[in-house]
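*Asks:* Predicted coordinates and the sequence they were generated for:
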Amino acid sequence: MVNYPSPGAVAYQLPVHAGSRNEIEKGKTGFAHFFEHLMFRGTKNLSGKEFGNLYARLGCENNAWTASDMTDYHGEVATAYLPQILAAEADRFANLSFDEKALKDEAGAVLGEYNKDIAQPEFMLEETLLAAAFKQHPYGHTTMGYREDVLKFTERYKDVWPFFRRYYRPSNVAVVLVGDFDFEKTLSVIREKFGGWKDPEVEEVKIPQEPTQTEARNAKVILKKPTQTRLVVAFKTPAFSTKNIDSMTLAVLAEMTFSTTSEFQKTYRFGKKWLDAIDAGPNESFDPGLWSISVRLAEAGEKHRAEILKAIDQEIEKLRSQPPKPARLNATKKRFRNAALTSWFSSPEALAGRIAWYTTHESDLGVLDRIFDRLDQVTPLGVQTYAKKHLLASAKTTVSLEGSGK
């Protein structure tokens, strides 16, 4: 809980340490995202409609999202109504209840969302990339799950409850509050409302480990409609951690090499105008995952795909062959720090989101301070060492997506 100068308002987040990473059973992918929907379907004390009406009546924003490593329930509420929202959240986490008809209705909504997503080039690119890059780890599928599994959600009423009991338990969920509230009184409310919720006895599930990738992989997607070409080059990289400087080294490396201030973008996006967009954000996964460099080609770049891929490879080779100049690295670290602080503290909701995200990876609030401590420790030689160790041709997966008629 963090007090924040937002008079009369509080942002809340309830992150659950369960995402598509935890979907290890064959035929049961997409369950974490499915529960994101099912959690709005009511409790033993409130129907789904009553639950929704309560939040609407209190003027409370109430939403959720699912990622590979977590599912997050979040919103903003007037301080005066915070005890009622905490009571409602405690109720749905401890007493979720819905019948088979409600599950089938929500299954239809999820299928509709999947059909909408699969029509988007970025989703097809992601789905293909993950399947190519991961052969055993659940990171090999998107949070939506496989289509054949989503189609069977209507038959999964008995199957969803074991997933809920395993992951929706007190030891796997946090309550994050940022805003205007009395700390002691609010802590008392949390203890009162959540105190009766107990961990069930569940069997621990081991996540399959991905074997070391030893060869470059390639895949291609052809859409049956005109679309701009997308290219993605991805490398296997370590899991997020503040126990060493690897994660922050990658974050700085990515910013320095492919951000809007990079020579790469100056040349290929703003100079030659071959690219419409480029994204190379750092990897912050719970297990070893992917760092991806994604580009969308402009019309002028369509005939230069091979040159663009070669240019990306050359940027990576520069990182491996020599340390970056200290002045460039220090400027990047300063810009990264300023951007993070500006965005993290821009609102109660923004700060609550960062706390929820990073404390799901490392369970103490000190993780935020450690991120900046590790940022200070990144050196030119450290960047080169990281690139030589992790940005290997044998750990690379390249995927292209293009439309028909090109």
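*Replies:* Received the coordinates, thanks.
*Asks:* now the helices for the stretch 201-350 of the chain?
*Replies:* 246-258, 263-265, 305-321, 326-344, 348-361 (DSSP state H, counting those that start in this stretch).
*Asks:* To Phe40, which of the ones you listed lies closest?
*Replies:* helix 348-361 (18.5 Å; Cβ to Cβ). Any C-beta I mention is one placed from the backbone N, CA and C, and that applies to glycine too.
*Asks:* Tell me what angle the closest one forms with helix 246-258.
*Replies:* 130 degrees (axes from the mean of the first three to the mean of the last three Cα atoms, to 10 degrees).
*Asks:* Tell me the gap between helix 348-361 and the middle of its chain.
*Replies:* Computed by Cα atoms, centre = their mean, to the nearest Å, the chain-centroid distance of helix 348-361 equals 12 Å.
*Asks:* now stretch 193-204
*Replies:* Centroid separation for stretch 193-204 versus its chain: 26 Å, with Cα atoms, centre = their mean.
*Asks:* picking up where we left off before, indicate which one of the helices of the stretch 201-350 of the chain is closest to Asp376.
*Replies:* helix 326-344 (7.6 Å).
*Asks:* buried residues in that closest one?
*Replies:* Leu329, Thr332, Lys333, Phe336, Ala340, Trp344 (16 or more other Cβ atoms under 10 Å).
*Asks:* Does anything pack onto that helix? Which helices or strands?
*Replies:* Applying 3 or more Cβ pairs under 8 Å, 6 or more residues apart in numbering; DSSP states H and E, we find helix 326-344 packed against helix 246-258, helix 348-361, helix 367-377, helix 380-390.
*Asks:* Could I get the average pLDDT for that helix?
*Replies:* Mean pLDDT, computed over helix 326-344, is 93.
*Asks:* Over to stretch 288-298?
*Replies:* 96.
*Asks:* residues in contact with it?
*Replies:* With contact meaning Cβ atoms under 8 Å, 6 or more residues apart in numbering, stretch 288-298 is reached by 68, 125, 129-130, 133, 139, 210, 228-239, 250, 254, 258, 273-280, 282-283, 304-305, 308, 312, 391, 397.
*Asks:* Pull the contacting residues for the nearest residue to Gln265 once chain neighbours are set aside.
*Replies:* Nearest residue to Gln265, sequence neighbours excluded (Cβ to Cβ, 6 or more residues apart in numbering): Ile278, at 6.2 Å. Counting by Cβ under 8 Å, 6+ apart, Ile278 touches Phe258, Phe264, Gln265, Arg269, Ile293, Ser294, Val295, Arg296.
*Asks:* distance of the residue positioned nearest the centre of the chain from Gly289?
*Replies:* Centroid-nearest residue in the chain: Ala67, 4.4 Å away (criterion: Cα atoms, centre = their mean). Taking Cβ to Cβ, to the nearest Å as the measure, Ala67 falls 11 Å from Gly289.
*Asks:* what does Tyr4 give?
*Replies:* Counting by Cβ to Cβ - Tyr4 and Gly289 are separated by 31 Å.
*Asks:* With neighbour numbers in mind, choose between those two.
*Replies:* Gly289 (25 against 19; other Cβ atoms under 10 Å).
*Asks:* which residues does that one bridge with?
*Replies:* Thr237 (DSSP bridges).
*Asks:* which residues of the stretch 251-400 of the chain score low on pLDDT?
*Replies:* Within the stretch 251-400 of the chain, no stretch falls below the threshold (pLDDT under 70).
*Asks:* Distance from stretch 106-116 to the middle of the chain?
*Replies:* Counting by Cα atoms, centre = their mean, stretch 106-116 is centred 20 Å from the centre of its parent chain.
*Asks:* ok, Lys152 touching Thr29?
*Replies:* No - the pair Lys152 and Thr29 fails to qualify as a contact (Cβ atoms under 8 Å) at a distance of 10.4 Å.
*Asks:* So between the two, which is more surrounded?
*Replies:* Shown here are Lys152 and Thr29; by other Cβ under 10 Å, Thr29 has more neighbours (24 against 15).
*Asks:* Find the nearest non-adjacent residue to that one, please.
*Replies:* Gly145 (3.5 Å).
*Asks:* and what of Asp279?
*Replies:* Ser294 (4.8 Å).
*Asks:* Quick one: neighbours of that neighbour, just the number.
*Replies:* 20.
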